[in-house]
Structures are given as structure tokens and as C-alpha cells.
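Asker: Got a predicted structure here, sequence first:
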Amino acid sequence: MTGASTMRCSLGLLLAATLVLVCAGEAAAQGANYGLGRTPTDEELHPWDEAIGPMGEGLPPGSGTAEQGAVVFQRRRCGECHGPTGAEGPAPRFVGPLARETYPAGTAGHAGQNFPGRGISNFPFAPLIWSFINKAMPLNQRGYLTHDEIYSLTAYLLYLNGIVGETDLIDARALREIEMPNRDGYVPPPPWKPGMRQAEVK
Amino acid sequence: MGARRAGRRRFLKEGATLAGLAVAAPAVGAQTLVPGSGRAHVPGGPHGQAEHPLEFGERSRFVRTRRIPITQVGHADMHGDPNGYDALTPIDELTGTITPADLHYVSQHQNAPEDIDPRKHRLLISGMVDRPLVFTLDELKRLPSVSRIHYIECIANRPNAREQTLNDLHGMVACSEWTGVLLSVLLKEAGVQDGATWVLGESADKVGLGTNIPLPKAMDDVIVAYAQNGEPVRPHQGFPLRLVVPGFEGKYHVKWLKQVRALDRPYPTYWEQSHFTNYPRREPLSYYLEQGPKSVITFPAAGREPLPDRGFYMISGLAWSGCGAVSRVEVSTDGGQTWKDAEIEGPALRVAFTRFQLPWTWDGQETVLLSRCTDDQGQVQPTAEEHSAFWAHARPPHGNPIQPWRITSDGRVHNAL
């Protein structure tokens, strides 16, 4: 063998060895510095109750209509906490105007209070409704509803507030595209550095 | 085992008989000897059972210090959630700067803490990282740790003219030593990618709590804490893991932490999006982040026993700042006309309770006491008027106005806000 081809062989071996190491690294990643932790399984990587992004990032397949949602609302007994039409409470009251229409300008509205419409019309992003129902509802029985049921319930709650029609098909794309009435009530904060009291928008 | 238990029961019975106490209805004294008292009851799990009376130190039966559960409808509905479950730190009775773990205030959106098996719990680091990672608790404890003293204060700790006692006005705050692994260590293990600007911490609780933290803060001093005051974090404080985000309001310190995700924008969670939209003033609200300087005189204070007589007292209080260390506390004993520097006890630690004291001789006349702290960033605690003006565009996130106490000639102390 000539010198050049020997070198090419060695280089080839080196490349092959690196590839093997890299692949092995991908398969069983551990922390870079301390070698602790392990790669999550696909199931672990996206827990069933993971928060959905404001643009619907992470919404699974599925769909429903408000018409179907009304049935789910009955069958799953949401009314027991939220009231028969979702407006009575004592749990968050879904139906009602925007808080800024309820409270005279200049008065301090209590963001945590259970005012009418707190649950829905003040959400700046529709996917967050899906996210919260999925994570937390029914209270003390989370994980009970199917994805389609949650789409249906989301559609129903949006319908009760006049945001979608009774038979509009609500899926991930539809949720992403809904312009919520309080959309401009939320502005993502600009970059923040230690020492800043708050990320001022104005 | 059986013989030891029988011996213990005899001890209790005979002890009680000797003391003349009814065994059937334990009085406070007997209660301290009841197995497992003083430990948090964990719903669904075995109630702690002491095998031997020396296993758990108990408070004297003459010491009644305890958290104050918030049960009035107005407060229970504070989160707009009838299942809200809160209890105040009894700061009128605390001394020094450390809050015992079982007296640390509780604020949760469910009516019992989570009951998590630490052997099964996992922490997931995911999102915009090179290597998503899952850690067991044992692995987290093997990593380099830090132990830091930090206060945590709830956004709802806003004093107002209505409330009558120190605890009601300022009880949603406490200070502990937190031990854990820095979040920055975990994020470096996973390798945060360019373009990530926020991290989202998510809880394993029942209502899907989670908060978004700016990445520079996450890489700075945020702790994934597994211990508080020398022992595992208790269930009410987030066993087995919680975030400590020094200087940010309580909501950021996610309890029962199970996941941290690096993102290129905040993913506002339910509670955040309902608090970061500014309903009445029709303007978007910005994220509340670092809390400012705050101080309050804890003795004399409203809700305590009246001062027995004129004469000598040590005014005592607590000061803290979310931005740094307290550098100065001034006290006025004449309604704000003149101010004196109070003595700060020990080193003033960053983002932690600092105890201050001032000797004072009360002449028996009505007067108003005030304290005002300055932190090492140069920020000064505002008066109530300044506080309202500063937060004119929003509902104040941090209730840190100067707290005036009016002392009337009968020795009673009143909230003078």
C-alpha cells in the first residue's frame, strides 16, 4: 500500500469510529459535564399534560364542535361546579363580557376574582383554554377527558361567549386562528436582564 | 417492636394519669406526645408514626405559634378558586430571620399538597436543548449543590387599610435556607440552544401551574431545591422539588416541579395569562419580575398584645429586597418627621430577611411608627402614595409601601395605612 492510501484508510477508520461514537451518544445522551440523567423516552418527552403554546404549539390531533361540547358538558357534569349554563359558578364562570367592560376604567379589578367571563373571554389565546382543560379539568380527576372531548368543550365555551358558531369545527388549526377579543391584552415582554424590576412594555 | 409499642402506650397512659389529664381528649400537653404530631399529614400516605418519644422534637405545649389558615370567603376566593388553600406565616411571633419550615406560609390552588413518591419522581429538562434529559432525585442530589437563604413572598401580600393585624397584612412571606442544584447546571447539562429566551417550569400539581422565567434569570441564581432548613422540602412547600427564583414573586417558585422547558417565547399558562392581561386599564400588562425593597416593624405591631406601659422597648422588624441586600433601615417614632438608622443584625444577605432593631422609650403618648429600607441597588421603599403612583398603570404586584403603625395611649397598635 502506498503512504497516501494508508492515510486514507486510517482516516476512514477514524471517521467510522467517530460516527459510531456520535451515534452511541445520540442514543443514550447524558449530561454534558457530569454524565448524569438519561434521554427521555418519546412518551416522557411530551407528557400528556404539557403546557400548550399560545400559537397552539403542542396541540394534538382531534376536533369537536360546540354542539358536541354541550353534550360533553352534560355527560361529564361540568355544570356541577361551573353551573348548568357555565355561568353560575361557584367554579370559574365562563360566560360574560370582557373584564375591561365590566370594571369601570381606572378601578382595580381583581384578576383572581371569579367575575363573569373570567374563564374564557379574557383569554388572549384560544389554545390556552384547551391547555388548561387538558391539564386540570375536572378538578381532582385530571386526565379523564379525551382530546376530542376537550376540543368540543373548548368549542362550546367559545360558542357561549359568541366567539365561534355552534357547528364550527374546532381543531388545532382553528384554535390557532381564532382572534380572541382580549388578544391585545397580552403583549410578550421584551428581553429582561438581572436588575430590571419588570419587563416594561410601555 | 410490639413490646416497644406497648411500653410507649403505657408511658402515655401513666404519664397522662399522673398529670391528671384525660387520656381520651388530649389537651395541648398530651398532644405533643401523640405519635407523628408536628409532621405534615400527607394525604393518601402513611401518617408519620414515631417509634420512640425522642424521635421528633416538639415545641413546648406552652408555645402556641402556628400558621394562620385563611378561611374567610374573601381570602379563600383570593385566587378566584374556592379550592384555594392558604395559610399565613405568623411573622408577629418569629424571631431572627429563618422561618421554621412548618410555619412557612402556604399558597396553593388546591386543597391539599401533592403526595409524591420521591423514588418515582422525575425532572424533565426539554424544549430547545441539545440533549433533553430526565433526572431522578438521587441524580439531582449527586450534582453540585448550593445552600442559600432566600425569602419567598406571595403577590397577594399587599397591605391595605382594611386589614387589622400584622399577619393579615404581611403574612404571605417567609425566609428559609434552600438547598438544591442550580438550574443553570441542569440547563448546561442539556445544552440550551441559541434562540431560547425563556424557560417554562411546570408543576405536577392538580391545576397545571407553571411559570415562565427569563433565560438570563434561569441561568443566574434559580435553584431547583430539594431541601429546606436542613431537611427535605415539605409537601406544603413542594416536596420533593421546587424552584426558588430569588427576588421574584411567589408564583415563580414552582412547587412539585416536574419539567423545565427552554423556549423562544413565554408560553403563558392559565394563571399567568389571567394575571398578565390588564383588564381595567385597557393596557397590556408587563410581567412582574424582581420585587423591590420592603420592611415592616414586627414589634410593636397590630394584632399583638398592647404595650403594657410606657418605657423602654426594642423596636424590631424585618427588611428584604428582591433586587439585592438590604443596606439601610430607618425607623421613625414620630410619624415620619424624623428618622433614625436602625441597627441591622448580622450580615445582610442578598434577597433574604434581614432583622433590624432600634431602642425606643415610649412616653405613653399617641404616635406613629414607620420603617423604611434601602437596598444595595439604591432603591428606597416607597410611601403608600409613591407606591400607588409608581404602579398607576396596573394593580401593584408587590405590596411594599411603608407600613405605619399607630400606637394609641392605651398601648394598642393599629394599622395606619
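Answerer: Right, received. Where do you want to start?
Asker: so which residue of the stretch 51-200 of chain B comes closest to chain A?
Answerer: At 3.2 Å from chain A, B:Glu189 is the closest residue in the stretch 51-200 of chain B, using CB to the nearest CB. Glycine gets a C-beta too; all of them are placed from N, C-alpha and C.
Asker: Give the burial count for B:Glu51, as a bare number.
Answerer: A count of neighbours around B:Glu51, defined by other CB atoms under 10 Å in any protein chain shown, yields 11.
Asker: That one belongs to a strand?
Answerer: No. Counting by DSSP: H, G, I helix; E, B strand; the rest coil, one finds B:Glu51 to be coil, located in no strand.
Asker: Run through the stretch 51-200 of chain B and note the low-pLDDT ranges.
Answerer: Confidence mapping of the stretch 51-200 of chain B against pLDDT under 70 gives the ranges B:71-84.
Asker: quick one, strands of it?
Answerer: Taking DSSP state E, counting those that start in this stretch as the test, the strands found in the stretch 51-200 of chain B are B:68-69, B:85-88, B:106-108, B:122-127, B:133-136, B:146-153, B:173-182, B:198-203.
Asker: Please identify the deepest-packed of the ones you listed.
Answerer: Sort those by mean neighbour count, taking mean count of other CB atoms under 10 Å in any protein chain shown, and strand B:198-203 sits at the top with a mean of 26.
Asker: for that one, the distance to its chain's centre please.
Answerer: Centre-to-centre, strand B:198-203 and its host chain are 20 Å apart (CA atoms, centre = their mean, to the nearest Å).
Asker: That strand and chain A, any residue contact?
Answerer: Yes. Contact of strand B:198-203 with chain A (CB under 8 Å from any CB of the partner chain) involves B:Leu200, B:Glu202.
Asker: So which elements touch that strand?
Answerer: Contact analysis of strand B:198-203 by 3 or more CB pairs under 8 Å, 6 or more residues apart in numbering or on different chains; DSSP states H and E lists strand B:210-214, helix B:215-218, strand B:257-263 as its packing neighbours.
Asker: The first one pairs with which strands?
Answerer: Looking back up the chat, that one is strand B:210-214. Strand B:210-214 pairs in its sheet with strand B:198-203 (antiparallel), by DSSP bridges.
Asker: Equivalent analysis for the last one, please.
Answerer: On the basis of DSSP bridges, the sheet neighbours of strand B:257-263 come out as strand B:122-127 (parallel), strand B:198-203 (antiparallel).
Asker: Touching, B:Thr383 and B:Ile402? I think so.
Answerer: Yes. Assessed by CB atoms under 8 Å, B:Thr383 is found in contact with B:Ile402 at 5.2 Å.
Asker: Not counting sequence-adjacent ones, nearest residue to A:Met55?
Answerer: A:Arg176 (5.6 Å; CB to CB, 6 or more residues apart in numbering or on different chains).
Asker: for the one helix or strand that neighbour maps to, the distance to its chain's centre please.
Answerer: Using DSSP states H and E, the element containing A:Arg176 is helix A:172-177. Chain-centre distance of helix A:172-177: 12 Å, with CA atoms, centre = their mean.
Asker: again, but for stretch A:65-75
Answerer: Computed by CA atoms, centre = their mean, the separation of stretch A:65-75 from the middle of its chain amounts to 21 Å.
Asker: Spatially central residue for the chain, please.
Answerer: Went with chain A since none was named. For chain A, the residue nearest the mean C-alpha position is A:Ile52 (1.5 Å; CA atoms, centre = their mean).
Asker: if you could check chain B rather than the one you did, that'd help
Answerer: B:Ala174 (3.2 Å).
Asker: Hmm, that residue is touching B:His150, no?
Answerer: No. Counting by CB under 8 Å, B:Ala174 does not reach B:His150; the two are 10.0 Å apart.
Asker: quick one, helices of chain A?
Answerer: Secondary structure of chain A, counting by DSSP state H: helices at A:3-27, A:42-45, A:66-75, A:79-82, A:99-102, A:127-136, A:147-160, A:172-177.
Asker: weakest of these by average pLDDT?
Answerer: The minimum mean pLDDT among the helices of chain A belongs to helix A:3-27 (a mean of 53).
Asker: distance between the ends of stretch B:226-245?
Answerer: In stretch B:226-245, first residue to last residue: 14 Å (CA to CA, to the nearest Å).
Asker: so how far is that stretch from its chain's centroid?
Answerer: With CA atoms, centre = their mean, you get 12 Å for stretch B:226-245.
Asker: B:Trp339 and A:Glu88, how far apart?
Answerer: Using CB to CB, to the nearest Å, B:Trp339 is found at 53 Å from A:Glu88.
Asker: what does B:Ala218 give?
Answerer: 41 Å.
Asker: Between the two, point out the one with more neighbours.
Answerer: Using other CB under 10 Å, the more surrounded residue of B:Ala218 and A:Glu88 is B:Ala218, with 25 against 15.
Asker: give the contact list for the more buried one.
Answerer: B:Leu183, B:Ser184, B:Leu187, B:Val199, B:Val260 (CB atoms under 8 Å, 6 or more residues apart in numbering or on different chains).
Asker: What's the per-residue pLDDT of it here?
Answerer: With respect to pLDDT, B:Ala218 scores 96.
Asker: would you list every one of the strands in the stretch 201-350 of chain B?
Answerer: Going by DSSP E, counting those that start in this stretch, the stretch 201-350 of chain B shows strands at B:210-214, B:223-228, B:231-232, B:242-244, B:257-263, B:293-299, B:311-321, B:326-332, B:340-341, B:343-344.
Asker: mean confidence for stretch B:349-361?
Answerer: Stretch B:349-361 comes out at a mean pLDDT of 98.
Asker: Put the alpha carbons of that stretch into PDB.
Answerer: Output of stretch B:349-361 as PDB, limited to C-alpha atoms (Å, rounded to 0.1, in the frame of the first residue of the first chain):
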ATOM      1  CA  LEU B 349     -27.800  38.700  52.900                       C
ATOM      2  CA  ARG B 350     -28.900  39.100  49.300                       C
ATOM      3  CA  VAL B 351     -32.700  38.600  48.700                       C
ATOM      4  CA  ALA B 352     -33.200  37.400  52.300                       C
ATOM      5  CA  PHE B 353     -34.800  38.500  55.600                       C
ATOM      6  CA  THR B 354     -32.700  41.000  57.500                       C
ATOM      7  CA  ARG B 355     -33.600  41.700  61.100                       C
ATOM      8  CA  PHE B 356     -33.300  45.300  62.400                       C
ATOM      9  CA  GLN B 357     -33.700  46.800  65.800                       C
ATOM     10  CA  LEU B 358     -33.900  50.200  67.400                       C
ATOM     11  CA  PRO B 359     -34.000  51.000  71.100                       C
ATOM     12  CA  TRP B 360     -37.000  53.200  71.900                       C
ATOM     13  CA  THR B 361     -38.500  54.700  75.000                       C
END
